[in-house]
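Engineer: Sequence below, structure please.
(3 chains)
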Amino acid sequence: MADAPFFMTAGQIAELVGGRVIGDPDRQVWGANGLEEAGEGDLCFVRSPKYYSQLRASRASVALVSEPVDGITPTCVVVSNPEGAFLRVLRHILERTANPAKPMGIHPSAWVQPDAAVEEGVGIGPFACVEAGATVGAGSSLGAGVYVGSGARIGRSCIIYPRVVILDRVIIGDRCVLHPGACIGGDGFGFFPHEGRWEKVPQTGTVIIGDDVEIGCNTAVDRATFGATRIGTGTKIDNLVQIGHNVVIGEHCVIAGMVGISGSVKIGNNVRIGAAAGIAGHITIGDGASIGARSGVAHSVPPGGAVSGFPAVDHALSRRIMVSQSRLPDLVRRVREIERRLGMG
Amino acid sequence: MADAPFFMTAGQIAELVGGRVIGDPDRQVWGANGLEEAGEGDLCFVRSPKYYSQLRASRASVALVSEPVDGITPTCVVVSNPEGAFLRVLRHILERTANPAKPMGIHPSAWVQPDAAVEEGVGIGPFACVEAGATVGAGSSLGAGVYVGSGARIGRSCIIYPRVVILDRVIIGDRCVLHPGACIGGDGFGFFPHEGRWEKVPQTGTVIIGDDVEIGCNTAVDRATFGATRIGTGTKIDNLVQIGHNVVIGEHCVIAGMVGISGSVKIGNNVRIGAAAGIAGHITIGDGASIGARSGVAHSVPPGGAVSGFPAVDHALSRRIMVSQSRLPDLVRRVREIERRLGMG
Amino acid sequence: MADAPFFMTAGQIAELVGGRVIGDPDRQVWGANGLEEAGEGDLCFVRSPKYYSQLRASRASVALVSEPVDGITPTCVVVSNPEGAFLRVLRHILERTANPAKPMGIHPSAWVQPDAAVEEGVGIGPFACVEAGATVGAGSSLGAGVYVGSGARIGRSCIIYPRVVILDRVIIGDRCVLHPGACIGGDGFGFFPHEGRWEKVPQTGTVIIGDDVEIGCNTAVDRATFGATRIGTGTKIDNLVQIGHNVVIGEHCVIAGMVGISGSVKIGNNVRIGAAAGIAGHITIGDGASIGARSGVAHSVPPGGAVSGFPAVDHALSRRIMVSQSRLPDLVRRVREIERRLGMG
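Structural biologist: Residues are numbered from 1 along each chain as shown, chains lettered A, B, ... in the order given. Take a look at the predicted model:
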C-alpha cells in the first residue's frame, strides 16, 4: 500500500498504548527490535528496571518502559506493561499494511500429483508443483512456483514463499516460514578421489526441520549423506546462509545472514551466530554459545562460550587482539628501535 | 551464438575505430573495463593525459588513448576520442552477439491478474505471475517464471530475468536490470525474545528502488520493518549480496559480489564496496567513501573515507597492518630474545 | 522414505562387505567421506598402509582398511579391497533410499520451443522452459521450472534440478549436476564511469562448462564480457559460490561453499579452494594449489602452492601468524615494559 505508515512518532505511540512521553514526542521510529539489537530509528521495550543499564547503552530512538529513566538516548514512553505495548504497536502497524498475497485454494495452473496429500485450507499458487507422495498440512500456503519433492512433508500453517525448492523426502514442521529462493535438501558436498577424478558420495539422507523455524531468501540447507540434517524448533535463519550435510542445529538459535556451517557440525540450543561467520566441519557449538559476526570458528565452543575473530578465540581476547592490531605497525618500529639501542640484530 | 567473437586484436580495434596501433597489433583482448578495474585481457580507455600515471600502473592489454604513451604494459590504440571509440567497440561486439531472448507480448501460459496494470510493449514470459494491483511499465520485460507480488510497481524499460521474485508492494524505477534469482522484498530479520522463544517483529514495510539500478543473481534485498529499504538511482549491485531491512543506499554506488549490509545502515552517494565486505547494523557510510574487499566495517565512515581490514580502519593503516602481520611470528621471537638479553620474564 | 537408514554400524558394514571388525562393532556411521575430510560419524577407506599416518590423525568413526591398524580413533573393518568395499556400502545405501523424482518424458505443462532440439530419453518437468535453438542431450533431465535460454546447449545424462536458470548460449557438457537455484550465464559485473554515472559494459560472452561438473544450490556463474567463462571437466562446486566473468577454472578442482572468484581469474587443474575464500581479480592459481578456508587471495599462487589467511600467504607462515595473533595483546604490554626498563618512549 502506498499509504502504509512510513514512521510513527513517540507521541503517536504513547497515544496508541495509553502511555506518557518523557522527552521529544516528535521523535520518529521506522523500525522495531529487541533491546539488544535496536538502533537509531528503532522502537524497543524494556521489561524491567534491571535492564536499564542495557537501555543506557542503547541507541534506539524510542523505548517503552515501565518507569522513567534519566540520561538516556531513547525517548521514553512510560506504560504499565512495556512488552504488551510493544506487541500492540506491532499489531497496529501490521493491520495498517496490506498482507502479502497468500494463495487461496489450489490455483488451476498448479501441478499437484494425484497421490499427494493436501489437507484442508491449503493455498497453492500458480505453477507450484507438489510431487507424488508429498504432504501439505492444513492451513499452509505454497507461493507461486514452489516445488515440493516426492515424499516431502510440510506441516500445518506454514508460509512457503514463491520459488522455494523443497526436495524429496524433506520434512518441515508446523508454522515454518520459508522465504523466496530457499533450497532445502540439495545434495551435500561429498566427493572422494578415485583414479585422478572426484567420485561422488551419494547423498541419500534428508533434512528434518522442526516447528516455528524461519529460513531466509536463497538460503541452502543440504541433505545428509545418510540420516538427516536437522534444524530444531524455533530456530531463525537469515538470508544466503549455507548449512552443510549432516549438520544438527538445536532449538531457538538465531543465525544471521551469510553464515556458513560446514558438514557434520553440531549446534546446541539458544546459540547465536553473527553475520558472515563460518564454522568448520565436525565441531560442536554448545548450548547458549555466541559466535561473533565474521568469525571463523575452527574448534568446538563450550556451552555458554562467546568467541569471535579468525581464528575464533574467546570474545574478550578477540577484542583485545583487534585493538592491538592497529598498533602492530608501530610495534614493529618500536622493537627495531629497542634492538638498535641494545646493539642487537 | 557459437560464432560470437572470442577476442579482438589491437589491430582489429584500430581498424574499427580509425586509430593507430603503438605496440603489438596482434595483442588480444577478451574483455573490457574501466581503467581502474581493467587487467590482463581487457580493453580500457583513457580520457586525457592526466590519467596516464594510472595507465602506467595498469595491466590492461589494450588501451584507447588520445596521445601515444611510452613505457606501459598496454598496447595503445591512438584515436581522437578514446571514450567514443571504447563505446563503439562495445557496440560492435554487442551487434555481433545474439541478444538474450526478451519475451514479446504476454505468453499464453503467464498468469496476470485481471486488475494488474500492464502498459504497452511489455513482454511477459512463460509461467510468470503478476498479482493483483501490480503495475508493469511500458517496454519492460519479465522473464520466464518471474513473480511480481500484489501492489508491486515496476517502471519502464526494465529487464527482469527469469525466476526473479519481487514481493508485494515493492517499487522499482525505470530501466532497472534484475538478474535471475534476485529476491526483492523478503522479510527483514527481526525477532525479540519472549518467554524463551523468538517472537517475530512483523516486517510491514517495503523496498523502493530508483532508476537504472542493476541487481545481480541471487541477491536478496529485505523489506523494511516499517517504511522502506531504499536503493538509489544508478546504483549497481553484484551477485549474492545481502541487503538488510531499512538499509538506505544512495545514488551511483557500486557494490561487489557477496557483500553483506546489515539492517538500518545508511550509505551515501558514489560509495564503492569491495567484494565480500560486511557492514554492521545502524552505521553510516558517507558520500564517496570506499570500502575494501573483505572488510568488516563496525563504525561509521566519513564522506570520502577509505577503509579496509577487519575491523576496518583507514586504508593506509590497514595496508601497514597487513604488511606487519607477516612479521608477527618473527616479532614474538625477537621480543623474547630482548627479554632474555635484559634478564626479564 | 521415512524408513531410510539413519546410520549403519561397523558390524553391519563388515557383514555387507565380508570384512572383519577390529574395535567396537556397534560404532555408528551416518556419513561417508574421503580420508582427509572424514570426521566423527563418517565412514572412510584407506587404500594402502602408506596412508596409515593420515589415518592415525583421522577422527572418522569407521575406516575400511586392508590391514589392521593399532592405536587409532576409527573402528577398523579389514577387507581385501577397501575402496571397492566403500563403493559397495555407498551403493547399498543408495539402493535403500528413494531416488529423487526425475522427470520422465516431457511434462504437458512444459514450454519447449518448436525448434529446440530435445534428444531421446530426456525428461522435462512441469513449467520448465526451453527456448528457441536450445539443445538438450539424450538422457538429461530438467526439473520443474528449469529455464534453458535460447541457443543454450546441455549435454547428455545431466541432472538439472528444479528452478535452475541457464541463460542463452551457455554450453554445458555431459553428466553435469546442477542444484536448485543455480544461475549460469548472468551478466558479468562491468561498468565504467561516464558523466557522473556508471555505464554498463555489455556482457556479450557466454559460459562453457565441461563434463562431470557439479554446481551447488544458488551458485552464480557469470558470462564473460566477450568470449567465455570456463569450468573444466570434473570440477565440483558447492553452494552459494560466485564465479565472476571471464574466470577460467581447470579440471578436477574442488570449490567449497561461499567461495567468491573475481573476474578474469585463471585457476589450474586439481586446485582445492576452502569454504568462504575469496580470490581477487585477474590473478592465476597454479595447478594443484590449495587455498585455505576464509582466505583472501590477492596475488597469484604458483603450482602446488598452499596459501591461507587474509592477505593469504604461504600456509605454514599463515599458521604461525594465527598462533602469534593471540599473543599480540601480551606482546604490546611486554614491549612497553621493555621500553620502561630502558627508559625509552
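Engineer: Tell me, how many residues neighbour the residue lying closest to A:Glu131 once chain neighbours are set aside?
Structural biologist: By the measure of CB to CB, 6 or more residues apart in numbering or on different chains, the closest residue to A:Glu131 outside its immediate chain neighbours is A:Ser150, 4.0 Å from it. Every C-beta, even on glycine, is put in place using the N, C-alpha and C of the backbone. Burial measure for A:Ser150: 20 neighbouring residues, criterion other CB atoms under 10 Å in any protein chain shown.
Engineer: before we move on, what about A:Arg88?
Structural biologist: 17.
Engineer: So it: helix, strand or coil?
Structural biologist: Assigned with DSSP: H, G, I helix; E, B strand; the rest coil, A:Arg88 falls in the helix class.
Engineer: dump the residue contacts of it.
Structural biologist: In this structure, A:Arg88 makes contact with A:16-17, judged by CB atoms under 8 Å, 6 or more residues apart in numbering or on different chains.
Engineer: pLDDT value on it, please?
Structural biologist: In the prediction, the pLDDT value recorded for A:Arg88 is 88.
Engineer: try A:Ala4
Structural biologist: Listed pLDDT for A:Ala4 reads 40.
Engineer: for A:Thr97, same thing?
Structural biologist: We have a pLDDT of 65 for A:Thr97.
Engineer: before we move on, what about A:Ser290?
Structural biologist: If you check A:Ser290, the pLDDT there is 98.
Engineer: where do the strands sit along the stretch 1-150 of chain A?
Structural biologist: In the stretch 1-150 of chain A, the strands defined using DSSP state E, counting those that start in this stretch lie at A:8-9, A:20-22, A:28-29, A:31-32, A:42-45, A:62-65, A:75-78, A:111-112, A:117-118, A:123-124, A:129-130, A:135-136, A:141-142, A:147-148.
Engineer: Export the ones you listed to CSV and append columns for mean pLDDT.
Structural biologist: Listed next are these as CSV, based on pLDDT from 0 to 100:
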stretch, mean pLDDT
strand A:8-9, 90
strand A:20-22, 94
strand A:28-29, 89
strand A:31-32, 84
strand A:42-45, 91
strand A:62-65, 94
strand A:75-78, 95
strand A:111-112, 97
strand A:117-118, 97
strand A:123-124, 96
strand A:129-130, 97
strand A:135-136, 98
strand A:141-142, 96
strand A:147-148, 98
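Engineer: Tell me who's in contact with A:Pro311.
Structural biologist: Contact analysis of A:Pro311 by CB under 8 Å, 6+ apart lists A:296-299, C:322, C:325.
Engineer: where do the helices sit along the stretch 101-250 of chain A?
Structural biologist: In the stretch 101-250 of chain A, no segments count as helices under DSSP state H, counting those that start in this stretch.
Engineer: need the residues of it near chain B, please.
Structural biologist: Taking CB under 8 Å from any CB of the partner chain as the contact definition, the stretch 101-250 of chain A meets chain B at A:101, A:107, A:109, A:125-127, A:143-145, A:161-163, A:177, A:179-181, A:212, A:214, A:216-218, A:234, A:236, A:238-240.
Engineer: Derive a PyMOL selection command for the buried subset of those.
Structural biologist: Command for PyMOL that selects the buried part of these, burial taken from 16 or more other CB atoms under 10 Å in any protein chain shown:
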select buried, chain A and resi 101+107+109+125+126+127+143+144+145+161+162+163+177+179+180+181+212+214+216+217+218+234+236+238+239+240
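Engineer: Now cross-check the contacts of A:Pro311 against chain B and list the overlap.
Structural biologist: Counting by CB under 8 Å from any CB, C:Gln325 from the contacts of A:Pro311 sit close to chain B.
Engineer: of the contacts of A:Pro311, buried ones?
Structural biologist: Listed as buried from these are A:296-298, C:322, C:325; burial here means 16+ other CB under 10 Å.
Engineer: and which of those residues is nearest to B:Asp187?
Structural biologist: Nearest to B:Asp187, judged by CB to CB, of the buried ones among the contacts of A:Pro311 is A:Val297 at 27.1 Å.
Engineer: Just to check, A:Val271 is in contact with A:Val297?
Structural biologist: No: counting by CB atoms under 8 Å, A:Val271 stays clear of A:Val297, with 11.2 Å between them.
Engineer: so what sits against both of the two?
Structural biologist: A:285, A:291.
Engineer: Can you tell me the element the residue nearest to A:Gly196 when sequence neighbours are not counted falls in?
Structural biologist: Spatial nearest neighbour of A:Gly196, excluding adjacent residues (CB to CB, 6+ apart): C:His252 at 7.1 Å. Here C:His252 is covered by no helix or strand, with elements defined by DSSP states H and E.
Engineer: what sits against C:His252?
Structural biologist: Counting by CB under 8 Å, 6+ apart, C:His252 makes contact with A:196-198, C:232-235, C:269-270.
Engineer: how's chain A carved up into domains?
Structural biologist: Domains of chain A are assigned by automatic domain parsing as A:8-96, A:111-319.
Engineer: Mean neighbour count, those domains: which tops it?
Structural biologist: domain A:111-319 (a mean of 24; mean count of other CB atoms under 10 Å in any protein chain shown).
Engineer: so what's A:Asp24 up against?
Structural biologist: A:10, A:75.
Engineer: same thing with A:Ala275?
Structural biologist: For A:Ala275, counting by CB under 8 Å, 6+ apart, the contacting residues are A:238, A:256-259, A:293-294, B:260, B:262, B:278.
Engineer: give me phi/psi at the nearest residue to it once chain neighbours are set aside?
Structural biologist: Distances taken as CB to CB, 6+ apart place A:Ala256 nearest to A:Ala275, at 4.0 Å, with adjacent residues excluded. For A:Ala256, the backbone dihedrals (degrees, to the nearest 10) come out as phi -80, psi 180.
Engineer: hang on, isn't A:Ala256 packed against A:Ala293?
Structural biologist: Yes: between A:Ala256 and A:Ala293 there is a contact under CB under 8 Å: 6.9 Å.
Engineer: Below-threshold pLDDT in the stretch 51-200 of chain A: ranges please.
Structural biologist: By pLDDT under 70, the weakly predicted segments of the stretch 51-200 of chain A are A:97-101.
Engineer: For chain C, what is the nearest residue in chain A?
Structural biologist: Residue nearest to chain C within chain A: A:His282 (3.1 Å; CB to the nearest CB).
Engineer: Contact partners for that residue?
Structural biologist: By CB under 8 Å, 6+ apart, A:His282 lies in contact with A:262-265, C:39-41, C:59.
Engineer: which residues does A:Val297 bridge with?
Structural biologist: Per DSSP bridges, the residues bridged to A:Val297 are A:Ile279.
Engineer: isn't it right up against A:Gly278?
Structural biologist: Yes: counting by CB under 8 Å, A:Gly278 is a contact partner of A:Val297 at 6.9 Å.
Engineer: thinking again about what came up before, between A:Ala256 and A:Ala293, which contacts overlap?
Structural biologist: By CB under 8 Å, 6+ apart, the residues touching both A:Ala256 and A:Ala293 are A:274-277.
Engineer: if we take these, which one ends up nearest to B:Gly186?
Structural biologist: Proximity of these to B:Gly186, judged by CB to CB, is greatest for A:Ala275, which lies at 15.6 Å.
Engineer: What residues does A:Arg153 make contact with?
Structural biologist: Counting by CB under 8 Å, 6+ apart, A:Arg153 makes contact with A:134-135, A:137, A:170-172.
Engineer: which residue is nearest the middle of chain A?
Structural biologist: By CA atoms, centre = their mean, chain A has its centre lying nearest to A:Ile237, at 3.0 Å.
Engineer: Now do A:Thr206, the pLDDT please.
Structural biologist: pLDDT, A:Thr206: 92.
Engineer: can you pull the contacts of it?
Structural biologist: So A:Thr206 contacts A:168-171, A:185, A:223-224, A:227-229, C:4 (CB under 8 Å, 6+ apart).
Engineer: helix or strand for A:His299, which one?
Structural biologist: Going by DSSP H and E, A:His299 is not in any helix or strand.
Engineer: and the gap between the residue nearest to it when sequence neighbours are not counted and chain B?
Structural biologist: Counting by CB to CB, 6+ apart, A:His299 lies nearest to A:Ile283, which is 6.2 Å off, once chain neighbours are set aside. The gap separating A:Ile283 from chain B is 22 Å, by CB to the nearest CB, to the nearest Å.
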